[in-house]
Every structure is written in structure tokens, then in C-alpha cells.
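J.: pasting the structure only:
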């Protein structure tokens, strides 16, 4: 059975994958003129983290941590832009949002959480 916090993390990455897929589709259809590189990169990272977390694959924990680090860097960069634009309240809120990503990283690095991803194959842990 999949633990609820890991299921919520998989759902979080599913939302990001959906938003990235929509952005990539807009670029492909010509509705947006941004580069397709970033939406496709986020789509690949978030979709792999989503599927891997849901199946308790050992590599998925690493991919999810990389995704959280990338999200924290992007969010803190946005907070810096808000500070430069003299919007302190919005920058503070954005910084707290980056703190939630750090909590996700800390959860995935807990020893108990690591055991869920230990020797899983197709989402079923061995009884060793």
C-alpha cells in the first residue's frame, strides 16, 4: 500500500506535469511563443517523479528531490525579483512557499521514508 504522504507528493508532481504538458501543447500549436525547452524539461522531470513515486521505485526518490531543489531555486529567484520590485509581502509569501519544497526534501530523506523505496519492485516490497 502506498503511504499517504508519498501519494500526495505523486499528486503534486502530477499537477506540475499537467501544467507543463499544457504549456508544451500551447507552444506546439502556436498559441504561445515561448521556448519549448523548459515545459518539456519540467514535463519529463515531473512525470518521471510522479510515476516513480507511485510505484515506489528507488530512483524516484532522487528524481523527486532534484525536482524539489529545482522548484526551490526557481521560487527563490522569483522572490528575489519581487524584492527588487519592492513587493516585500509577496516576496515573503513566495519564500515560505520555497520552504515547503525544503520540507518535501527533508521528508524524502528520512530513514523511514527511504525504507519504502528500498527494494521495491512493481510497488511491492520484499519481506526480507
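T.: Sure thing, it's come through. All values reported here derive from a predicted model rather than from experimental measurement.

J.: List the contacts of residue 82.
T.: 88, 90, 91, 94 (Cβ atoms under 8 Å, 6 or more residues apart in numbering). Every residue, glycine included, has its C-beta placed from N, CA and C.

J.: The second one: which element?
T.: So the one you mean is residue 90. helix 88-108 (DSSP states H and E).

J.: Which elements pack onto the helix or strand following that helix?
T.: Scanning forward in sequence from helix 88-108 by DSSP H and E, the next helix or strand is helix 111-116. Contacts defined by 3 or more Cβ pairs under 8 Å, 6 or more residues apart in numbering; DSSP states H and E place helix 111-116 against helix 4-29.

J.: how does it look with 10 Å?
T.: Under the contact criterion of 3 or more Cβ pairs under 10 Å, 6 or more residues apart in numbering; DSSP states H and E, helix 111-116 touches helix 4-29, helix 58-84, helix 88-108.

J.: between these, which one is nearest to residue 114?
T.: Proximity to residue 114 (Cβ to Cβ) singles out helix 58-84 among the helices and strands packed on helix 111-116, at 7.1 Å.

J.: can you state the direction angle for the closest one and helix 88-108?
T.: Helix 58-84 runs at 170 degrees relative to helix 88-108, counting by axes from the mean of the first three to the mean of the last three Cα atoms, to 10 degrees.

J.: Quick one: low-confidence residue ranges for this protein.
T.: Applying pLDDT under 70 to the chain picks out residues 119-128.

J.: Centroid-nearest residue for it?
T.: residue 67 (4.4 Å; Cα atoms, centre = their mean).

J.: how close does that one sit to residue 4?
T.: As judged by Cβ to Cβ, to the nearest Å, residue 67 and residue 4 stand 19 Å apart.

J.: same question, residue 42
T.: From residue 42 to residue 4 the distance is 25 Å (Cβ to Cβ).

J.: Among those two, which residue is more densely surrounded?
T.: residue 42 (21 against 8; other Cβ atoms under 10 Å).

J.: what's the nearest residue to residue 5 once chain neighbours are set aside in contact with, if anything?
T.: Of all residues not flanking residue 5 in the chain, residue 107 sits nearest, at 6.3 Å (Cβ to Cβ, 6 or more residues apart in numbering). Residues in contact with residue 107, defined by Cβ atoms under 10 Å, 6 or more residues apart in numbering, are 5, 6, 9, 64, 65, 68, 113.
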